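K.L.:
Mind looking at a prediction? Sequence and model below.
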Amino acid sequence: MHKCKVKIENFLYFKNNYIFMKDLPTLQDLFNNAVFKIPDYQRGYSWENQHRLDLLEDLELINNKGHYTGTIVLKERDTVKGLGKIYTRYDIVDGQQRFTTILILLDTIIKELKKLDEEESSAVADGISSIYIKDKGPTGMNIYKLELDKENDKYFQEAIIEGAPGINRTIKSHNNLYNAQKQFETYLLNKSLVEENYLQCLYSLVDKLTQSLIFTLYNVEDDAEVGVIFEVMNDRGKPLSELEKVKNYLIYLSGKISEDSQSSSKMVETINNDWKSILENLAKSDMSRNDDEDRFLRMNYIINFYSDLKAYKQDGKKISKTGQLAHVYKNLKTYFKDLERGREYERCYKEIGDYANSLQTISTRLLDILDPYDKYAFQTIENKKLRADIQSIVSKIGRMDIKSNILVLMVAIYDRFIEEPEKIIKLMDICEKFAFRTYYLIEWRSYSGQNQIYTLACDIYNDRLNYHEIIAVMDELFDYYAADSIVANNFFNRDNYYDWKGLKYFLFEYEVSKCWENLKSDPQLTWSYLKKTDRKDSIEHILPQSLERNGKKVPYWKERFNKKAHEENLHKLGNLTLTTASENSKLSNKGFDEKKPIFKESDWKINQMLAHSIEWNETKILKRGKDLFEFALKRWGY
């Protein structure tokens, strides 16, 4: 059969008696006895302010001519019985972002027309709404002219169309829908302030949206063509996250390999429910950007598959195991396609469900780890003391810049030993010590040990090692990357501790130890406070950076430090302590005799202890430095 190429915007695919191009229809033409559904494999609403601003600017430029607004690809789905009519329902295969935006704008205009409280405008609003927004069915239930995907449709109908108060926005696409409505409300408010005849302005906007915007329409009659378009959609337009691509592909694939429509519907429901939970957990973890979602997808892929990966050569270039993590979506597609090609449909179906469930479970574990003191975190740990211990050690690791490899290991440990909290505590404590010794005391590069840690995480998650074997592997990691001799050579011999990236965490842990040793309580000031405070306002040089005040040398320091001694001792660990912005301004470069009363009233316990010192000289700085080194060996000893 002859195949001719058909171009849709910036991509090509074959016409094979499946795709038919019609004349350029308007929105009014499209809604002639039709309702629309965005399939669940599509991404959620992602347009941002600039996209919508471009649409508004296009509307401003429209005169009497039609304005081309893009392509829409539809596939006939089924029929919906209305009141005295039958609607044809179409899946929107492509063009759903613009379509959703236009309907939100129309709905906002309808609400404005009703606010004018004029008989004519209210009747017009009802007429527009019945065509484009919602109509009544035979039972009196609403028939919404556009249904969004399952993750967004309830919010779209209840919060956007019906305006119900108190509907929570739990995922990023909910925020985007909300922002669209607010942007259009602001646009119309500004119009009302400048237009002499606001009612006619609204009518004009309706005409432009429904009669002047024109589309290139393609009707697709075969699921195979839907798949081709779906694949190409992932490579154009606003970039999808890898996580979105995986969801879309799993839903599409489940439809192909399921035994019947019931099995397909069940799997689609499973995937949608899992993804709703995944996106909610990532949103709560402040991981809603595309790169955050991609990091999460890589983490899950590592936990599930890393040990099975093999390095290989491609075009003469070695592709390492970690190098393959840049193409998780591609790797997963290959994995599931191999099952499909081998006609292992039953196994493929099961593994789709297992994989979606794994993503959902790991997103829950990750949320607990990233926000350990949330009221819902670690609730599966019934023993309150054990739960508090886990929260404490996890929060300590969170105070560091958590390296991706350590985070992967923590998630695997938590998931594997969720019913054995004592083992979680022991293994998390090892993780904290290893992370601080390796990446802060010694300052190995962030990717150091990555291959071994990823392999360990995967083996833990997949139950390939018992508890004692896990400890043995972690012992080997310590011996290679974080042995005491390496710590001594790298940490105890540095010249400048002020610029050391681990300084805040180190001094805060020293503060914690002294508070519990002397007060049996946590510090008065929190880590959150310290973390957000600039270094210059949170780290104090006891021997100040300048020995002069008002152009004259401070007598106390002049008597104890010459220029060379000042330079050698200024940034030593023993000369550094925590401070606050207000305390810092008071301390300035005063002599130690004048600083002592300020230290005595400090909110930091370690500063109150400094106030007991009679003298501050080279000997005292050396002595305090040794005390801090001993603390480090004890606190992070292994």
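P.N.:
Ah, there it is. Everything numeric here is computed off the predicted structure, so don't read it as measured data.
K.L.:
Against Ile352, how distant is the residue nearest to Ser258 when sequence neighbours are not counted?
P.N.:
If you skip the residues right next to it in sequence, Ser258 has Ser264 as its closest partner in space, 3.8 Å away by Cβ to Cβ, 6 or more residues apart in numbering. All C-beta atoms are positioned from the backbone trio N, CA, C, and that covers glycine. Relative to Ile352, Ser264 is positioned 11 Å away (Cβ to Cβ, to the nearest Å).
K.L.:
next one: Asn32
P.N.:
Distance, Asn32 to Ile352, by Cβ to Cβ: 38 Å.
K.L.:
Give me the more crowded residue out of these two.
P.N.:
Taking other Cβ atoms under 10 Å, Asn32 and Ile352 do not tie; Ile352 has more neighbours (22 against 11).
K.L.:
my read: the more buried one touches Lys256, true?
P.N.:
No. In this structure, Ile352 sits apart from Lys256 without contact. The criterion is Cβ atoms under 8 Å, and the distance is 10.8 Å.
K.L.:
tell me, what residue is most central in this structure?
P.N.:
Most central in the chain under Cα atoms, centre = their mean is Met287, positioned 1.4 Å from the mean C-alpha point.
K.L.:
Which residue, other than its chain neighbours, is closest to that one?
P.N.:
With Cβ to Cβ, 6+ apart as the measure, Phe296 is the residue that lies nearest to Met287, at 6.3 Å, once sequence neighbours are left out.
K.L.:
What about the one you found, how many residues nearby?
P.N.:
Using other Cβ under 10 Å as the criterion, the residues surrounding Phe296 number 23.
K.L.:
Helix or strand: which one has it?
P.N.:
When elements are assigned from DSSP states H and E, Phe296 belongs to helix 290-305.
K.L.:
ok, and for that helix, which residues are buried?
P.N.:
The neighbour-count check on helix 290-305 (16 or more other Cβ atoms under 10 Å) flags 290, 292-305 as buried.
K.L.:
most remote residue from the chain's center?
P.N.:
Residue farthest from the centre of the chain, counting by Cα atoms, centre = their mean, is Glu559 at 55.5 Å.
K.L.:
Point me to the helix or strand that includes that residue.
P.N.:
Since the elements are taken from DSSP H and E, Glu559 ends up inside helix 555-560.
K.L.:
Give me the domain ranges for the protein.
P.N.:
With domains defined by automatic domain parsing, the chain comprises 4-233, 242-370, 384-491, 503-635.
K.L.:
Worst mean pLDDT among the ones you listed?
P.N.:
Across these, the stretch with the lowest average pLDDT is domain 4-233; it has a mean of 85.
K.L.:
and that one, how far from the chain's centre?
P.N.:
28 Å (Cα atoms, centre = their mean, to the nearest Å).
K.L.:
Same question for stretch 545-556.
P.N.:
When C-alpha coordinates are averaged (Cα atoms, centre = their mean), stretch 545-556 and its chain have centres 49 Å apart.
K.L.:
contact partners of stretch 135-150?
P.N.:
Taking contacts as Cβ atoms under 8 Å, 6 or more residues apart in numbering, the residues outside stretch 135-150 that touch it are 31, 35-40, 42, 44-45, 80-83, 87, 99-100, 103, 131-134, 153, 156-157, 161, 269, 272, 276.
K.L.:
Could I get the buried residue list for that stretch?
P.N.:
Using 16+ other Cβ under 10 Å as the burial criterion, the residues of stretch 135-150 that qualify are 135, 143-150.
K.L.:
give the contact list for the residue nearest to Tyr497 when sequence neighbours are not counted.
P.N.:
Ranked by Cβ to Cβ, 6+ apart and with sequence neighbours excluded, the top spatial neighbour of Tyr497 is Leu573, at 4.3 Å. Residues in contact with Leu573, defined by Cβ under 8 Å, 6+ apart, are 497, 624-625, 628-629.
K.L.:
next one: Leu243
P.N.:
Listed by Cβ under 8 Å, 6+ apart, the contact partners of Leu243 are 278, 293-294, 296-297.
K.L.:
how about 7 Å then?
P.N.:
If a contact means Cβ atoms under 7 Å, 6 or more residues apart in numbering, then Leu243 has 293-294, 296-297 as its contacts.
K.L.:
now the residues you listed in JSON lines, with distance to Glu120?
P.N.:
What follows is these, written out as JSON lines (distance: Cβ to Cβ, whole Å):
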{"residue": "Glu293", "distance to Glu120": "48"}
{"residue": "Asp294", "distance to Glu120": "52"}
{"residue": "Phe296", "distance to Glu120": "53"}
{"residue": "Leu297", "distance to Glu120": "53"}
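K.L.:
now, among those residues, which is nearest to Phe491?
P.N.:
Comparing these against Phe491 with Cβ to Cβ places Phe296 closest, at 32.9 Å.
K.L.:
and the gap between the closest one and Gly502?
P.N.:
Using Cβ to Cβ, one obtains 26 Å as the distance from Phe296 to Gly502.
K.L.:
so what's in contact with Ser264 and Ile352 at the same time?
P.N.:
Residues within reach of Ser264 and of Ile352 at once, by Cβ under 7 Å, 6+ apart, are Ser254.
K.L.:
list the contacts for the residue lying closest to Leu61 once chain neighbours are set aside?
P.N.:
In space, Leu61 comes closest to His67 once its chain neighbours are excluded; the distance is 7.5 Å by Cβ to Cβ, 6+ apart. With contacts defined as Cβ under 7 Å, 6+ apart, the neighbours of His67 are 58, 212-214.
K.L.:
so where do the strands sit in the stretch 401-550 of the chain?
P.N.:
With DSSP state E, counting those that start in this stretch as the criterion, the stretch 401-550 of the chain has strands at 539-541, 548-549.
K.L.:
Out of those, which is the most enclosed?
P.N.:
strand 539-541 (a mean of 21; mean count of other Cβ atoms under 10 Å).
K.L.:
where along the stretch 151-300 of the chain do the helices fall?
P.N.:
With DSSP state H, counting those that start in this stretch, the ranges of helices along the stretch 151-300 of the chain come out as 172-194, 198-207, 223-233, 242-257, 261-284, 290-305.
K.L.:
Highest mean neighbour count out of those helices?
P.N.:
Mean neighbour counts were compared across the helices of the stretch 151-300 of the chain using mean count of other Cβ under 10 Å; the top stretch is helix 242-257, at a mean of 22.
K.L.:
Next, the angle from that one to helix 290-305.
P.N.:
Inter-element angle recorded for helix 242-257 and helix 290-305: 60 degrees (by axes from the mean of the first three to the mean of the last three Cα atoms, to 10 degrees).
K.L.:
how about helix 242-257 as CSV, C-alpha atoms only?
P.N.:
Below are the C-alpha coordinates for helix 242-257, written out as CSV (Å, rounded to 0.1, in the frame of the first residue of the first chain):
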residue,chain,number,x,y,z
GLU,A,242,11.9,11.4,32.1
LEU,A,243,9.4,10.4,34.8
GLU,A,244,6.5,11.8,32.7
LYS,A,245,7.8,9.9,29.7
VAL,A,246,8.0,6.6,31.7
LYS,A,247,4.4,7.0,32.9
ASN,A,248,3.1,7.7,29.4
TYR,A,249,5.0,4.8,28.0
LEU,A,250,3.8,2.3,30.7
ILE,A,251,0.2,3.3,30.1
TYR,A,252,0.5,3.0,26.4
LEU,A,253,2.3,-0.3,26.6
SER,A,254,-0.2,-1.8,29.1
GLY,A,255,-2.9,-1.1,26.5
LYS,A,256,-1.0,-3.1,23.9
ILE,A,257,-0.1,-6.2,25.9
